[in-house]
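> coords below, sequence missing:
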């Protein structure tokens, strides 16, 4: 009888251990992947950086170092014959945004309550770092000698929720 009880206890222990392994595997599979830009978000979250050269193709510590060397306000110059200022903005969020499209707003710093331009790129949100090329065109209300506030966020329940902001000066 003792042998039977010992065998039953061993079988029960083996089944319990196997069930625990399966449960741990399910937890690991359902756990969200760690974003390599979590440290970038901690150091630079809530800011928008503007560049005219190609942005870096990096993430993590390398991106954080690159962003640390960037000024708070970027000046962009254009040729006299051009009607636009090409740029790329890099928005760093403090926490991951909701799923869905991002929205970018531009306001003149002299009158921040007036919206100069707004657009929603087709790129979905969800990551801590969001970058997008964009041309500031004179036909859309952008003028030389002005400083513009850039806000990147999402429209949630018919309201714009800002996740990051920055400035660009047009020369």
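Cool, the structure landed. What you see is a predicted model, and the numbers here were worked out from it, not measured in a lab.

> ok, and for the longest strand seen in the chain, which residues are buried?
The longest strand of the chain (DSSP state E) is strand 159-170. Counting neighbours by 16 or more other Cβ atoms under 10 Å, one finds that the buried residues in strand 159-170 are 163-170. Quick note: C-beta positions are derived from backbone N, CA and C, even for glycine.

> avg pLDDT for the helix or strand hosting residue 130?
Secondary structure from DSSP states H and E places residue 130 in strand 129-137. Per-region confidence: strand 129-137 scores 91 on mean pLDDT.

> Return the list of helices and strands in contact with that strand.
Under the contact definition 3 or more Cβ pairs under 8 Å, 6 or more residues apart in numbering; DSSP states H and E, strand 129-137 sits against strand 84-92, strand 103-108.

> quick one on the thing from earlier: of the buried residues of strand 159-170, just say which sits nearest to residue 37.
Within these, distances to residue 37 taken as Cβ to Cβ reach their minimum at residue 164, with 12.7 Å.

> residue contacts, the nearest residue to the closest one once chain neighbours are set aside?
Excluding its sequence neighbours, the residue lying closest to residue 164 (Cβ to Cβ, 6 or more residues apart in numbering) is residue 91, at 4.2 Å. Each residue near residue 91 by Cβ atoms under 8 Å, 6 or more residues apart in numbering is listed here: 47-49, 102, 129-131, 152, 163-164, 166.

> How about residue 74?
Residues near residue 74 by Cβ under 8 Å, 6+ apart: 49-52, 87, 167-169.

> what do you get if the cut-off is 10 Å, keeping everything else the same?
Contact partners of residue 74, counting by Cβ atoms under 10 Å, 6 or more residues apart in numbering, are 48-52, 87, 89, 150, 166-169.

> Also residue 95?
Contacts for residue 95 (Cβ under 10 Å, 6+ apart) come out as 38, 41, 45-46, 128, 163.

> Check what pLDDT the nearest residue to residue 147 once chain neighbours are set aside gets.
Spatially, and ignoring its direct neighbours in sequence, residue 147 is nearest to residue 109 (4.2 Å; Cβ to Cβ, 6+ apart). The model reports residue 109 with a pLDDT of 94.
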